[in-house]
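Enquirer: What shape does this take:
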Amino acid sequence: MPGELGEPDPGIHDDRRWIDSRRGDGIDALPELVTDLSHHVVVDGPLLHVVAGPARVHDGIGHACLGHQPRQPRVGLAAADVVDHPCPRSERELGHGRPRGVHADGKARPGQLVVLESSTYPGTTEEVVKPILESVSGLRAGEDFFLAFSPEREDPGNTSFNTANIPKVVGGFTPRCTEVASALYAAAITRVVQVRGTREAELTKLLENIFRCVNIALVNELKLLCERMGIDVFEVISAAATKPFGFMPFYPGPGLGGHCIPIDPFYLTWKAREFEFQTRFIELAGEINTSMPYHVVQRTMDALNSVGQTLKGTRILVLGLAYKKNVDDLRESPSIRIIELLRERGAQVEYHDPWCPRITEMRHKPAYLLEMESVDLQQGLARADAVIIVTDHDAVDYADVVRDSRLVIDTRNATRNVVSGREKIWTA
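Expert: Reported below is the predicted structural model:
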């Protein structure tokens, strides 16, 4: 993920398929286009552990420039042969027309390869990054230095796919730019997929994210209907998934988390206004997905009312803080919004998450959240009037949770195999 990578990737380090910056492995196929990597490799994102790896960052062989990890050594743009830069964007930043991390003091030099990896709207590389680099350096992209876009693809917690075996989409400003960037990535990544240009590569990543955003919104809306109709939406999805063609299962939940799905699709919505076009599917999906934490809170209130309690003054245990199971990533996690909504309505809230012992600093959140720490599970269950399962980490025994709880609000179908105590369980 942008600005968060840099840890060793077993899929690359185990077979030593990273590029040694002293030799420039993988670039020799085009020696006339790129100077050898004998100086520095400036990397911010997935290419960090492809090109150098953290062990090499600190031994003087290569240097990593991590825009969102100031603890790492930083070297200037002009000193580098390869610049691979993800810079996460907000819609506010889109309005300013410049990605965070692209500064006028970064001066390109001849023979350099600059690759943007952030998910962003089509046109960013050519309309924003290219003019900055050209105006400061006096060089021309595609002639004096090479410019490309190659979207990052990461799935935190997925043990089957890593940077080495996830196909890499590459689109250059010119065909030669595409060729140079592809040669770099091909040295360490199993498959490189070339597209016509930077705009096609930029929209490729947005399509991937929009596809998930829209389909998750569809099943979230179906879940709301199924709850009223008394139908198990998860059983319906599982049955539909037995069709061997024409169907891909998506699963409802308490809301979207991470950066790619809840935020990135709206980069295209923002850009589409320039062409007097409204992305109605994207906006409707956003409305549905954003409403899910409110639905979880309402279902919690309904569950409490069924036993003669109100939410105000009630002790609630939120089970799971990360936005997906078996990771410690809190970005845009629906758990955070659910905690806020519960507290606004007078509930006393604790959380338990074996992956997130405390809430780390994040964007636009109240200070009290930073003071919260994960409580002991058994003690939290004993104190709670209701437990909300927001993230279904594998380390938790949900049969024990149901046994030791008064009420359980399950947003992830984590209790599907629990037999005893099902009268305590509410879906949400």
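Enquirer: ok, now which ones touch residue 377?
Expert: The neighbours of residue 377, taking C-beta atoms under 8 Å, 6 or more residues apart in numbering as the test, are 352, 396, 401. Placement of C-beta: from N, CA and C, glycine included.
Enquirer: Tabulate those in TSV, adding columns for neighbour count.
Expert: Formatted as TSV, the contacts of residue 377 follow (neighbours: other C-beta atoms under 10 Å):
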residue	neighbour count
352	25
396	19
401	26
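Enquirer: Closest one to residue 157 out of those, please.
Expert: Within those, the smallest distance to residue 157 is 15.0 Å, found for residue 396 (C-beta to C-beta).
Enquirer: Might one say that the closest one is in contact with residue 319?
Expert: Yes. Residue 396 lies in contact with residue 319 (C-beta atoms under 8 Å); the separation is 6.8 Å.
Enquirer: one step back: among the contacts of residue 377, which are located in strands?
Expert: Members of the contacts of residue 377 lying in strands (criterion: DSSP state E): residue 352.
Enquirer: List just the nearest of the contacts of residue 377 to residue 158.
Expert: Nearest member of the contacts of residue 377 to residue 158, counting by C-beta to C-beta, is residue 396, at 19.6 Å.
Enquirer: so who does the closest one touch?
Expert: 319, 320, 354, 377, 414.
Enquirer: Residue 195 versus residue 146, what's the distance?
Expert: Going from residue 146 to residue 195 by C-beta to C-beta, to the nearest Å gives 16 Å.
Enquirer: Compare the two (neighbour count), which wins?
Expert: Neighbours per residue (other C-beta atoms under 10 Å) separate residue 146 from residue 195, with residue 146 holding more: 27 against 18.
Enquirer: List the buried residues of the helix or strand where residue 207 lies.
Expert: Using DSSP states H and E, residue 207 sits within helix 198-229. By neighbour count on 16 or more other C-beta atoms under 10 Å, the buried set for helix 198-229 is 198-199, 201-206, 208-210, 212-214, 216-217, 219-224, 226-227.
Enquirer: Show me what it is packed against.
Expert: Where contact means 3 or more C-beta pairs under 8 Å, 6 or more residues apart in numbering; DSSP states H and E, helix 198-229 is packed against strand 146-149, strand 168-172, helix 233-240, helix 265-272, helix 280-306.
Enquirer: need these in CSV with distance to residue 137 and mean pLDDT, can you?
Expert: Formatted as CSV, those follow (distance: least, C-beta to C-beta, whole Å; pLDDT from 0 to 100):
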stretch, distance to residue 137, mean pLDDT
strand 146-149, 11, 97
strand 168-172, 18, 98
helix 233-240, 53, 98
helix 265-272, 27, 94
helix 280-306, 36, 97
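Enquirer: now, of the ones you listed, which is deepest in the fold?
Expert: Among the helices and strands packed on helix 198-229, judged by mean count of other C-beta atoms under 10 Å, the one packed with the most neighbours on average is strand 146-149 (a mean of 29).
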